[in-house]
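In: Here's a sequence, model it:
(one chain, ligands or ions: 2)
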Amino acid sequence: MGGRTVTTMRELHNLAGLKEGAARARREQRPVLVSRTRLVNSLDPLSFFASATGYRGTRNFWSDPDREVTLVGVGAAWKLETHTREDSYLKTGQEWDHLLKGAIRVPAEAPTGTGPLLLGGFSFDPLAGKTPLWEGFFDASFILPQFLLTVTGGECWLTVNVLLHPGEDVEQRGKMLAEQEDELLEAAEDFHLFPPARASFDVVEVEPDRWKKTVATAAREIREGALEKVVLARQLRVQSETSFSPEAGLYRLRERQPHSFLFAVERGEACFLGASPERLVKREGERLYSTCLAGTTRRGEDPEEDRKLGEELLSDPKNEGEHAVVVHMIREAFQQGCSQVRVPDSPTLYRVRDVQHLFTPVEGTPLPETTLLSMVQQLHPTPALGGFPQKEAVARIRETEGMDRGWYSAPVGWLDYRGDGEFACAIRSGLIRGREASLFAGCGIVGDSEPDSEYEETKLKFKPMLSALGGDGR
Ligand SMILES: C=C(O[C@H]1C=CC=C(C(=O)O)[C@@H]1O)C(=O)O
Ligand SMILES: [Mg+2]
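Out: Ligands and ions are numbered 1, 2, ... in the order given. Got it, this is the predicted structure:
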């Protein structure tokens, strides 16, 4: 009884925004976006993701390492999917701005991470050849979710987005949305998340010897001055007898990688997911943030060894070199796009479950013409993912890596109507499609890189995803 009354009230409330939107759509003879945001009962965002089974293929999950904002989008009120060549960042921004013109928000202001926002990302290199592996993952692919759950500041918000076309029956539309919304929330509330069981699967390393040779050649050419640094990645092919599940993967990643971004991008039958410790760029009003994360060692068996390894990393010239190239490039990009750029003089350590990295945060105040996406364009790929100089390094990866990176190490994240949002570098990640998965890991190669130790480094970097698939964390 009570539930029905609330729904009726809400339908009336919804209708106000929808009617205004419909009138505008009719007047301007174009689609108008209406977004309504409201507080809902506390929900586990993963339950919301997992129970939205009717929306498979469009689901997106995102969380920053501090768990300040967790976003789960299901369904698509609008999609942007392009295989463009080089201007996909700016084109995405233009299309988004166009859609937002005349958009109606009820209420007009709500917390960051609510309201109309896009979830998705970009491919690593739009100029690279495409293979069936990444089918469904465009060079730019963003979804404005039909339903967006936002967990922030200890509260849960639900945003419903609808694109109204001229002449649409809003009463009918409003009724349908309210029903779908109720169904989704009820399903999420009733859903019980259980720790997923261990899984067994076969792992095949794709041409590890060839990869080591490519590393040796790259290091030699770097010593000869061809370029300063290149990041070379390799792939594991995983096969199981049963289908891999994105929700089980996210569950394990959330448990085991508390200091990383968590992301899952579902497109069609496939899901790209991971737990990356690396921020590409974040915009929050008048602040822009990035991080330089490059240079790696393992975790110790005990606190003493861990500390010792960390100290060795901080003073190791090879890793310092790998890191310094990244700091140099990101600092320059910030100096072009921002004022008041702040970069510490020396790196500290960033520790996650399987590795420790050299870490330098970067901060600035964006110039008036600087947008989140213009910074993505400036930065991606940083020398932590591509190399330096950027164009030469990416061309080198395209020619020699011999695999389709797709979205691995590319920008993945979100962007809202205010121009705020955040993109992570999609590393420690993998693509699952039914009973198959492809995992990716790479290393920054510099002049004194040794193929065997870089190979060991990739083994550590595969661990989060092997364990996310249900392996024992080999
Ligand atoms: C390219 C990856 O890591 C980058 C990020 C941190 C440390 C790195 C390194 O030490 O080589 C890499 O530049 C990856 O995990 O696949
Ligand atoms: Mg390294």
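In: which residues in this structure form helices?
Out: Secondary structure of the chain by DSSP state H: the helices cover 2-28, 45-51, 88-100, 170-190, 208-223, 246-256, 303-314, 317-337, 372-379, 390-400, 451-468.
In: Let me know the average pLDDT across the first one.
Out: In this model, helix 2-28 has a mean pLDDT of 74.
In: contacting residues for residue 307?
Out: Residue 307 makes contact with residue 300, according to Cβ atoms under 8 Å, 6 or more residues apart in numbering. All C-beta spots, glycine's among them, are computed from the backbone N, C-alpha and C.
In: so who does the single nearest residue of the stretch 101-250 of the chain relative to ligand 1 touch?
Out: In the stretch 101-250 of the chain, the residue found nearest to ligand 1 is residue 231; the distance is 5.3 Å by Cβ to the nearest ligand atom. Contacts for residue 231 (Cβ under 8 Å, 6+ apart) come out as 381, 383-387, 393, 397, 409, 442-445.
In: restrict those residues to contacts with ligand 2.
Out: 443, 444 (Cβ under 5 Å from the ion).
In: Can I get the contacts of residue 231 in TSV including distance to residue 454?
Out: Below are the contacts of residue 231 laid out as TSV (distance: Cβ to Cβ, whole Å):
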residue	distance to residue 454
381	18
383	16
384	14
385	15
386	16
387	14
393	16
397	15
409	16
442	9
443	4
444	9
445	7
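In: Contact residues of the protein facing ligand 1?
Out: 231, 233, 278, 293-296, 322, 357, 384-385, 409, 427-428, 441-444, 461 (Cβ under 6 Å from any ligand atom).
In: In strands only, show me these.
Out: Taking DSSP state E, the ones among the residues of the chain next to ligand 1 that sit in strands are 231, 233, 293, 294, 295, 296, 357, 441, 442, 443, 444.
In: Top of these by number of neighbours, please.
Out: Within those, neighbour counts (other Cβ atoms under 10 Å) peak at residue 294, which reaches 29 neighbours.
In: Show me what the residue most central in space within the chain bridges to in the sheet.
Out: In the chain, the C-alpha nearest the mean C-alpha coordinate belongs to residue 412, at 2.9 Å (Cα atoms, centre = their mean). In this structure, residue 412 bridges to residue 121, residue 424 when assessed by DSSP bridges.
In: check contacts around it.
Out: Counted by Cβ under 8 Å, 6+ apart, residue 412 has contacts 120, 121, 122, 263, 265, 272, 423, 424, 426.
In: try 10 Å this time
Out: Counting by Cβ atoms under 10 Å, 6 or more residues apart in numbering, residue 412 touches 60, 62, 119-122, 141, 261, 263-265, 272-274, 276, 280, 422-426, 429.
In: Next, work out how far apart it and residue 84 are.
Out: For residue 412, the distance to residue 84 (Cβ to Cβ, to the nearest Å) stands at 17 Å.
In: Kindly list the main-chain dihedrals of the residue nearest to residue 317 when sequence neighbours are not counted?
Out: Excluding the flanking residues, the one nearest residue 317 by Cβ to Cβ, 6 or more residues apart in numbering is residue 448, at 7.6 Å. Dihedral pair for residue 448: phi -100, psi 30, per degrees, to the nearest 10.
In: Sort out which residues of stretch 84-96 are buried, please.
Out: 88, 89, 91, 92, 93, 95, 96 (16 or more other Cβ atoms under 10 Å).
In: ok, now stretch 186-200?
Out: For stretch 186-200, by 16+ other Cβ under 10 Å, it's 187, 188, 191, 196, 199.
In: How far does that stretch stretch from one end to the other?
Out: 33 Å (Cα to Cα, to the nearest Å).
In: ok, now stretch 404-422?
Out: End-to-end for stretch 404-422, by Cα to Cα: 25 Å.
In: Mind checking the pLDDT average for it?
Out: For stretch 404-422, mean pLDDT is 98.
In: And stretch 366-384, by the same measure?
Out: For stretch 366-384, the mean pLDDT works out to 97.
In: Kindly report the same for stretch 90-104.
Out: pLDDT averaged over stretch 90-104 gives 94.
In: Spatially nearest residue to residue 434 (excluding sequence neighbours)?
Out: residue 243 (5.2 Å).
In: okay but the one you found is in contact with residue 432, surely?
Out: Yes. Counting by Cβ atoms under 10 Å, residue 243 touches residue 432, with 8.2 Å between them.
In: list residues touching both of those two?
Out: residue 269.
In: For the chain, list the residues in contact with ligand 2, please.
Out: Applying Cβ under 5 Å from the ion, we find that the chain lies next to ligand 2 at 296, 443, 444.
In: pLDDT score for the residue of the stretch 101-250 of the chain closest to ligand 1?
Out: pLDDT, residue 231: 98.
In: Return the distance of it relative to residue 327.
Out: From residue 231 to residue 327 the distance is 15 Å (Cβ to Cβ).
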